[in-house]
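1. heads up, no residue letters with this:
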């Protein structure tokens, strides 16, 4: 709170304008035990309610990830083995290769996956509605992700 919480609305807008359909807002790491700048100067982190309120205000357009609680995007390596000096700004190329065709192709893949997922969901809902409501079933399913039942239990 008080660091860049108001600026996040502009960041959110710019991220969506650039085509992101999913992004994240992470709270700063303010526990002094982590040795971060904010922890060492006594800056408090947001409460869970403050984070949720901010995320709620940022919703719309791009989906917001809400599962993350803490991240060290500035850290490289393992705990107690900081390798940050091996990855400085000098190592970033001045010209970044951007292939708009590849990006568009991937967007088409994502759109196709979303359509498939929605079609499967609609079909499943229709099948459930068409079943005899007197019958009761207990079903267990597993997934590897992607909204599909595609994993076995054993």
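-> Nice, thanks for sending it over. These numbers were taken from a predicted model, which means no experiment stands behind them. Residues are numbered from 1 along each chain as shown.

2. now what about the helix or strand that residue 53 is a member of, what contacts it?
-> Here residue 53 sits within helix 48-58, counting by DSSP states H and E. Taking C-beta atoms under 8 Å, 6 or more residues apart in numbering as the criterion, the residues outside helix 48-58 that touch it are 1, 5, 8, 9, 12, 25, 27, 46, 64, 66. C-beta here means a position set from N, CA and C on the backbone, and glycine is covered the same way.

3. hmm, try it at 10 Å
-> Residues from elsewhere that reach helix 48-58 (C-beta atoms under 10 Å, 6 or more residues apart in numbering): 1, 5-6, 8-9, 11-13, 15-16, 23-27, 44-47, 64-66, 69.

4. Low-confidence bits of the chain, can you list those?
-> Where the chain drops to pLDDT under 70, the residues are 61, 67-80, 154.

5. the helices in it, which residues?
-> Using DSSP state H, the helices assigned to the chain run over residues 7-17, 37-41, 48-58, 100-130.

6. Rebuild these as a markdown table, extending it with distance to residue 136 and mean neighbour count.
-> Formatted as a markdown table, those follow (distance: least, C-beta to C-beta, whole Å; neighbours: other C-beta atoms under 10 Å):
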| stretch | distance to residue 136 | mean neighbour count |
| --- | --- | --- |
| helix 7-17 | 44 | 13 |
| helix 37-41 | 53 | 13 |
| helix 48-58 | 36 | 14 |
| helix 100-130 | 12 | 10 |
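
7. Let me have those helices in CSV, adding distance to residue 31 as columns.
-> Conversion of these to CSV gives the following (distance: least, C-beta to C-beta, whole Å):
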stretch, distance to residue 31
helix 7-17, 21
helix 37-41, 5
helix 48-58, 15
helix 100-130, 36
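
8. mind checking which of these is nearest residue 142?
-> If you check each of these against residue 142 by C-beta to C-beta, helix 100-130 wins as the nearest, at 15.8 Å.

9. Give me the distance between that closest one and the centre of its chain.
-> Between the mean C-alpha point of helix 100-130 and the mean C-alpha point of its chain there is a distance of 19 Å (C-alpha atoms, centre = their mean, to the nearest Å).
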